[in-house]
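Enquirer: Structure here, sequence nowhere to be found:
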Ligand code: ACO
């Protein structure tokens, strides 16, 4: 039923326009005019209480008066009339509502928006919008919108949260030569959201690539799941990347989590490519809609100009596909098609002497060679060559190579003649750009997408322990005591219940007990105050480290008690924790937040006192797979430190990744209880020697 309704929204065979108008300049007039001008072949029914005929079409006074079936209705009446129109549509058996009208949640009227969704659902109808431009489809010639014309035909479909941007993209499609099958305005997403549309587009034979302009999601996890399920490339341009809620955060992790970083993580996990800006969205859409992915890491660059070759080399490194020298046999063959002073390494510089024939031969050979996983062809306009002829030579070489599953991108740098040649190449299926770095970026996107998809469906680690039972008992006790956070000892008990390697810590309530515990865990020990009111223990003089003997324990016990009394006389003191003094290791931090859009989200980064200054942290939506944990360790700036920088032995990354997986599983399982957590520091030892969580903090969700 639901799928059927989305089909009716995007692919209707009959459509009513409620609020159709005979007055030029009104949106209700534009929609009818656009449907007629786009030559939509289905039935078009204008609905307006006054007229008999609108733009030559028979008008109906209400939807229920329409004689035949109506699959979709475009609604362009003022907001206050929309509920009445929905009832009319529901009774008629309309399946999908395209609500252009503004004046709902975007202006604060959430109640009206909720009401229309409820109403539509009661009839089994789905809503696209409200507050949208409409939807446009080239294959069915459907322009159910007030954007003036269908976009340049192509294989990409674009969904946008900004209606104004849809109209602009519609126009740009012609100037940039980037074609679209569909342009869909999603507006307030009161009902149909990105996930619904991505799922539908996955089954659309006319769409090869899905591009998105996103401002925000309501349910981030639905988005991730929908993207994971489609093998079609999804490219996202995310606007609004400022941090939110950081100031109010109670944990380190809370203050480091910004919507931007969590969105970055979510897109990775969804297997979704990012676009950095609108131009980049067009560039990447062009490549992904026309070319297969780059399956290996060898990119070969052919050029007739040293300068563009160097620019391409720089871009290759910047975008994560660094060039390697071509093997000897490849170089030997390429040498045949250049003067002595050319270079056959990589970039392959045929020099300005390269004409049609050299381009043809080098492209044909390189594209077919098994070493080459992706080919970038560059051309600088010269006085001796004709760009259009060069374009045709390249295209002929590609077509005659017999190779199919290998990507090629091109850059022509020059004037009008090059522009014309570029347009011809794009029309003939090869993404072509006016700068070498853009052709390389496009190839990098084809490589990145391949890499993203490789691990996107790896299974997330699932906890097999009964940690939940232990954890919930501890949490219930804290709640009973009226506390919003667990003490360090309780937090560590929860961590231990999930098999996380904690530094052994026990509570003492007297000097004698502290001495007995210290002897049990072995000297040297650390002693720390345990009080729900003292979160920053060091600031309160509540921590003593490297205590070597019984006298030291007794001394530390007294000093900590005095210090903390002075710091906060009213603080409730549970006692003093005695903890094994973990040997020095690389300081890292693991933590979590419960993100408003994506739910429980785990963080990893380099720890220590600079953590909030350097912000060298990365996030993933929990739970995570082993490969995602490994990615997290590799993608922080400080990754070389874990790999053993400056002669240090490599750290135990395997144990650390295992801890990350277990941590993510823990916060996912306890998401109904836990708001934020920190494990800081988490000390990482030499390879094979494991990891130790030295300090722990769990902040509960307020209930
Ligand atoms: N059933 C059928 N027709 C009706 C009904 C009804 N229940 N009630 C009114 N109508 C008719 C009207 O008679 C009128 O037709 P007419 O021109 O023959 O008189 C027509 O529907 C439109 O009604 P108006 O009251 O004239 O409203 P108007 O056209 O000024 O505005 C609109 C309606 C366009 C829906 C407006 O309320 C609105 O929401 N505008 C913003 C839309 C928008 O920009 N959306 C996209 C946002 S994205 C972006 O920024 C690009």
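Expert: Yes, it's here. All values reported here derive from a predicted model rather than from experimental measurement.
Enquirer: Going by C-alpha atoms from here, please, whenever you check contacts or count neighbours.
Expert: Noted.
Enquirer: lowest-pLDDT helix or strand in this protein?
Expert: Across the helices and strands of the chain, mean pLDDT, DSSP states H and E gives its lowest value to helix 252-256, namely a mean of 57.
Enquirer: For stretch 97-108, list every residue counted as buried.
Expert: Across stretch 97-108, burial judged by 16 or more other C-alpha atoms under 10 Å covers 97, 98, 99, 100, 101, 102, 103, 104, 105.
Enquirer: Within reach of the ligand, which of those residues are there?
Expert: Counting by C-alpha under 6 Å from any ligand atom, 100, 101, 102 from the buried residues of stretch 97-108 sit close to the ligand.
Enquirer: Burial check on residue 399, number of neighbours?
Expert: 12 (other C-alpha atoms under 10 Å).
Enquirer: ignore the last one, residue 231
Expert: Counted with other C-alpha under 10 Å, the neighbours of residue 231 add up to 12.
Enquirer: Nearest to the ligand: which residue in the stretch 551-700 of the chain?
Expert: residue 597 (23.4 Å; C-alpha to the nearest ligand atom).
Enquirer: Pretty sure residue 218 is one of the things that residue touches, is it not?
Expert: Yes. The criterion here is C-alpha atoms under 8 Å, and residue 597 meets it with residue 218 at 6.0 Å.
Enquirer: before we move on, back to that, with the buried residues of stretch 97-108 in mind, which one is nearest to residue 208?
Expert: residue 98 (24.1 Å; C-alpha to C-alpha).
Enquirer: So for stretch 604-622, what gets flagged as buried?
Expert: 604-607, 611, 615-622.
Enquirer: Which residue in these has the weakest pLDDT?
Expert: Ranked by pLDDT, those bottom out at residue 611 (76).
Enquirer: mind listing what the residue nearest to the spatial centre of the chain touches?
Expert: Computing the C-alpha centroid of the chain and ranking residues by C-alpha atoms, centre = their mean puts residue 267 first, at 1.7 Å. Taking C-alpha atoms under 8 Å, 6 or more residues apart in numbering as the criterion, residue 267 is in contact with 224, 273, 274.
Enquirer: The last one: how many residues sit nearby?
Expert: In this case it means residue 274. Residue 274, neighbours per other C-alpha under 10 Å, totals 22.
Enquirer: Quick check: closest non-adjacent residue to it.
Expert: In space, residue 274 comes closest to residue 236 once its chain neighbours are excluded; the distance is 4.9 Å by C-alpha to C-alpha, 6 or more residues apart in numbering.
Enquirer: Test my guess that the one you found contacts residue 209.
Expert: No. Using C-alpha under 8 Å, residue 236 is not in contact with residue 209, being 11.2 Å away.
Enquirer: need the residues of the chain near the ligand, please.
Expert: Within reach of the ligand by C-alpha under 6 Å from any ligand atom, the chain has these residues: 18-23, 26-27, 47-49, 76-79, 81, 85, 100-102, 131-133, 163-164.
Enquirer: switch the cut-off to 5 Å
Expert: 18-19, 21, 48, 76-78, 100-102, 131-133, 163-164 (C-alpha under 5 Å from any ligand atom).
Enquirer: which two of these lie the greatest distance from each other?
Expert: 48 and 164 (26.1 Å).
Enquirer: coming back round to it: so who does the residue of the stretch 551-700 of the chain closest to the ligand touch?
Expert: Here residue 597 is in contact with 217, 218, 219, 220, 221 (C-alpha under 8 Å, 6+ apart).
Enquirer: and the gap between the fourth one and residue 194?
Expert: The gap separating residue 220 from residue 194 is 10 Å, by C-alpha to C-alpha, to the nearest Å.
Enquirer: So these two - more neighbours on which side?
Expert: residue 194 (24 against 20).
Enquirer: ok, the more buried one to residue 101 distance?
Expert: 20 Å.
Enquirer: And residue 609, by the same measure?
Expert: Using C-alpha to C-alpha, residue 609 is found at 53 Å from residue 101.
Enquirer: now do residue 166
Expert: On the measure of C-alpha to C-alpha, residue 166 and residue 101 end up 16 Å apart.
Enquirer: and what of residue 542?
Expert: Residue 542 sits 61 Å away from residue 101, taking C-alpha to C-alpha as the criterion.
Enquirer: which stretches of the stretch 51-200 of the chain form strands?
Expert: For the stretch 51-200 of the chain, the strands defined by DSSP state E, counting those that start in this stretch cover 53-54, 57-58, 72-75, 96-99, 126-128, 134-137, 142-145, 153-160, 180-185.
Enquirer: out of those, which comes closest to residue 307?
Expert: Closest to residue 307 of these is strand 153-160 (C-alpha to C-alpha; 32.7 Å).
Enquirer: The closest one - contacts with which helices or strands?
Expert: strand 180-185, strand 209-214, helix 278-290 (3 or more C-alpha pairs under 8 Å, 6 or more residues apart in numbering; DSSP states H and E).
Enquirer: So what touches it?
Expert: Contact with strand 153-160 is made by 138, 166, 178-187, 194, 201, 206-214, 285-286, 289-290, as judged by C-alpha under 8 Å, 6+ apart.
Enquirer: Just the angle for it relative to strand 180-185, thanks.
Expert: Per axes from the mean of the first three to the mean of the last three C-alpha atoms, to 10 degrees, the angle that strand 153-160 makes with strand 180-185 is 20 degrees.
Enquirer: Work out the sheet partners of strand 153-160 and label each with its direction, please.
Expert: strand 180-185 (parallel), strand 209-214 (parallel) (DSSP bridges).
Enquirer: what is the mean pLDDT for the first one?
Expert: Taken as a whole, strand 180-185 carries a mean pLDDT of 98.
Enquirer: re the thing from before, relative to the ligand, how far out is the residue nearest to residue 274?
Expert: 19 Å (C-alpha to the nearest ligand atom, to the nearest Å).
Enquirer: quick one: residue 546 is in a helix?
Expert: No. Counting by DSSP: H, G, I helix; E, B strand; the rest coil, one finds residue 546 to be strand, located in no helix.
Enquirer: OK, contacts around it?
Expert: Neighbouring residues of residue 546 by C-alpha under 8 Å, 6+ apart: 524, 525, 526, 581.
Enquirer: re earlier: just put the contacts of residue 267 in TSV and tack on pLDDT and secondary structure.
Expert: Converted to TSV, those look like this (pLDDT from 0 to 100; DSSP: H, G, I helix; E, B strand; the rest coil):
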residue	pLDDT	secondary structure
224	96	helix
273	96	strand
274	94	strand
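Enquirer: before we move on, the earlier item: from the residues of the chain next to the ligand, which would you call buried?
Expert: Among the residues of the chain next to the ligand, the ones that count as buried by 16+ other C-alpha under 10 Å are 18-19, 21, 48, 76-77, 100-102, 131-133, 163.
Enquirer: before we move on, back to that, pick the most deeply packed of the helices and strands packed on strand 153-160.
Expert: Counting by mean count of other C-alpha atoms under 10 Å, strand 180-185 has the highest mean neighbour count of these, with a mean of 28.
Enquirer: any idea how far the host helix or strand of residue 34 is from the chain center?
Expert: Using DSSP states H and E, residue 34 maps to helix 27-37. Remark: helix 27-37 is offset 36 Å from the chain centroid, using C-alpha atoms, centre = their mean, to the nearest Å.
Enquirer: what's the next secondary structure element after that helix?
Expert: strand 43-47.
Enquirer: for that next one, packing partners?
Expert: So strand 43-47, by 3+ C-alpha pairs under 8 Å, 6+ apart, packs with strand 14-18, strand 57-58.
Enquirer: If we use 10 Å, what do you get?
Expert: Packing partners of strand 43-47 (3 or more C-alpha pairs under 10 Å, 6 or more residues apart in numbering; DSSP states H and E): strand 14-18, helix 27-37, strand 53-54, strand 57-58, strand 72-75.
Enquirer: Can you name the residue of the stretch 251-400 of the chain nearest the ligand?
Expert: Closest point on the stretch 251-400 of the chain to the ligand, by C-alpha to the nearest ligand atom, is residue 278, at 17.3 Å.
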